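Colleague: Provided below are the primary sequence and the corresponding predicted coordinates.
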Amino acid sequence: MDEERTEAWWARRAWALLSAVRERAPLVQCITNLVSLDIAANALTAAGASPAMLHCLREIPDFTPRCDAVYINVGTLSEDWLPSMRAAASADRPWVLDPVAVAASGFRMEACLQLLALRPAVVRGNASEILALASSSDSSSSSFKGVDSSHDSGEALQAAKALARSSGAVVAVSGAVDFITDGEQVVSASNGVPMMQKITATGCAVTALIAAFVGADPSDALAAAACALAIFGLAGEIGMESAKGPASLRMHLIDALYGLDEQTVTSGVKIALVP
Ligand SMILES: Nc1ncnc2c1ncn2[C@@H]1O[C@H](COP(=O)(O)OP(=O)(O)O)[C@@H](O)[C@H]1O
Ligand SMILES: Cc1ncsc1CCOP(=O)(O)O
Ligand SMILES: [Mg+2]
């Protein structure tokens, strides 16, 4: 029988996965947007992973098969980069998709739907992104706000479940409470502080962290996504104790991620099964 996933189980799991990242230093290829390159690489390095920001199509056949995980983010999508994204997603490595501003254009929506067909292990977006991707609908919605969400995460929960079932991916919706689902089970992760929304590319950075957790242990993408989101949020909470605003929170969050210890993780993460 499956072990019961109590809050104490999740706390141990979060520490075990962070420890696995630190021990194994998974190599994570990131094809991510130009805004997020620095924060994603620094978040991965602080957590113990090994990021590599490679997007040249000619390098993918040699490099991607050697990676533990791949992270693909369409935030600054271009026609030049899309073939690299498709090739890296097809390299038979576990991979994670961040559909930034998926409703921005028909081109971006089509690109994300094509990538989704290449079977990501996890898709992580904000509520507006998950709602748009689940319904394949672009920016005709009057509430569209580019890379930012105009919905709460709870509003996208049913869409996330439907998307998980139709795609086969674990789907994570971030927000004040993050929801993570495989289409059947739903888990919530309630760490984080509102100021994280005032730092650009925090969403991109946490999706990169999910890829590192999947790379360290590909056996349970739901657990990897939930634990990465909770740990990133916990680092935000600790960082906020010393921060004066978004710029110093960015620095203190990365420091906190680097310094997390067992006691802090097991007593601080707030992950629960949603009945
Ligand atoms: N109101 C909030 N309170 C606490 N944490 C938040 C809040 N909004 C976002 N976060 C956290 O910030 C990170 C980025 O999430 P989000 O802002 O939803 O993504 P994106 O930047 O892609 O829009 C996640 O770790 C999420 O949990
Ligand atoms: C501002 C911006 N423009 C294109 S990508 C990007 C960063 C988006 O980051 P996030 O999805 O984490 O808010
Ligand atoms: Mg985003």
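Modeller: Received, thanks. Ligands and ions are numbered 1, 2, ... in the order given.
Colleague: Work out for me the element F107 sits within.
Modeller: Secondary structure assignment for F107, by DSSP states H and E: helix 106-116.
Colleague: how about that helix: buried residues?
Modeller: R108, M109, A111, C112, L115, L116 (16 or more other CB atoms under 10 Å). C-beta here means a position set from N, CA and C on the backbone, and glycine is covered the same way.
Colleague: Turn these into JSON lines, including pLDDT and distance to C204.
Modeller: Formatted as JSON lines, those follow (pLDDT from 0 to 100; distance: CB to CB, whole Å):
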{"residue": "R108", "pLDDT": "96", "distance to C204": "15"}
{"residue": "M109", "pLDDT": "96", "distance to C204": "19"}
{"residue": "A111", "pLDDT": "98", "distance to C204": "16"}
{"residue": "C112", "pLDDT": "98", "distance to C204": "15"}
{"residue": "L115", "pLDDT": "98", "distance to C204": "15"}
{"residue": "L116", "pLDDT": "98", "distance to C204": "18"}
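Colleague: ok, back up a step: what's the helix holding F107 in contact with?
Modeller: When contacts are defined by CB atoms under 8 Å, 6 or more residues apart in numbering, helix 106-116 is touched by residues 72, 74, 77, 82, 85-86, 89, 97, 99, 101-103, 123, 132-133, 136-138, 167, 169.
Colleague: Just checking, which helix or strand succeeds that helix along the chain?
Modeller: The first helix or strand that comes after helix 106-116 along the chain, using DSSP H and E, is strand 122-126.
Colleague: That next one to helix 106-116, inter-axis angle?
Modeller: Following axes from the mean of the first three to the mean of the last three CA atoms, to 10 degrees, one obtains 150 degrees for the angle between strand 122-126 and helix 106-116.
Colleague: next one: the helix or strand following strand 122-126 to chain centre, how far?
Modeller: As assigned by DSSP H and E, the chain's next helix or strand after strand 122-126 is helix 127-135. Centroid separation for helix 127-135 versus its chain: 15 Å, with CA atoms, centre = their mean, to the nearest Å.
Colleague: quick one: the lengthiest helix in the chain near ligand 1?
Modeller: Ranked by number of residues, the top helix in the chain under DSSP state H is helix 221-240. Yes: Helix 221-240 is in contact with ligand 1 by CB under 6 Å from any ligand atom, via L229, F232, G233.
Colleague: Repeat that for stretch 150-166.
Modeller: No: if you take CB under 6 Å from any ligand atom as the test, stretch 150-166 misses ligand 1, and the best it gets is 7.1 Å.
Colleague: Does that stretch reach ligand 3?
Modeller: No: using CB under 5 Å from the ion, we find that stretch 150-166 stays clear of ligand 3, coming within 12.5 Å at best.
Colleague: Would you mark the buried spots in that stretch?
Modeller: For stretch 150-166, a neighbour-count test (16+ other CB under 10 Å) marks H151, S153, E155, A156, L157, A159, A160, K161, A162, L163, A164 as buried.
Colleague: Tell me how far A228 lies from ligand 2.
Modeller: 14 Å (CB to the nearest ligand atom, to the nearest Å).
Colleague: should've said P94
Modeller: Taking CB to the nearest ligand atom, one finds P94 at 21 Å from ligand 2.
Colleague: For that residue, give me the pLDDT.
Modeller: What the model reports for P94 is a pLDDT of 98.
Colleague: Quick check: phi and psi at it.
Modeller: The phi/psi pair for P94 (degrees, to the nearest 10) reads phi -60, psi 140.
Colleague: My guess is it contacts A69. True?
Modeller: Yes: with contacts counted by CB atoms under 8 Å, P94 reaches A69, the gap being 5.1 Å.
Colleague: residues bridging contact with the two, i.e. touching both?
Modeller: Common neighbours of P94 and A69, counting by CB under 8 Å, 6+ apart, are A211, V214, G215, P218.
Colleague: for the chain, what are the low-confidence residue spans?
Modeller: 1-2, 138-142 (pLDDT under 70).
Colleague: That one: strands as residue ranges?
Modeller: 27-31, 50-52, 69-73, 95-98, 122-126, 170-174, 178-181, 186-189, 271-273 (DSSP state E).
Colleague: export stretch 165-182 as CSV, just CAs?
Modeller: Provided in CSV are the C-alpha atoms of stretch 165-182 (Å, rounded to 0.1, in the frame of the first residue of the first chain):
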residue,chain,number,x,y,z
ARG,A,165,-5.2,14.8,-17.8
SER,A,166,-5.1,15.8,-21.5
SER,A,167,-1.3,16.3,-21.6
GLY,A,168,0.0,13.6,-19.2
ALA,A,169,2.1,16.2,-17.5
VAL,A,170,2.0,17.3,-13.9
VAL,A,171,0.6,20.8,-13.9
ALA,A,172,1.6,23.4,-11.3
VAL,A,173,-0.3,26.8,-10.9
SER,A,174,1.6,29.3,-8.8
GLY,A,175,0.3,32.2,-6.8
ALA,A,176,-0.3,32.9,-3.1
VAL,A,177,-1.0,29.2,-2.8
ASP,A,178,0.6,27.0,-5.4
PHE,A,179,-1.5,24.0,-6.7
ILE,A,180,0.2,21.0,-8.2
THR,A,181,-1.8,18.2,-9.9
ASP,A,182,-1.4,15.1,-12.0
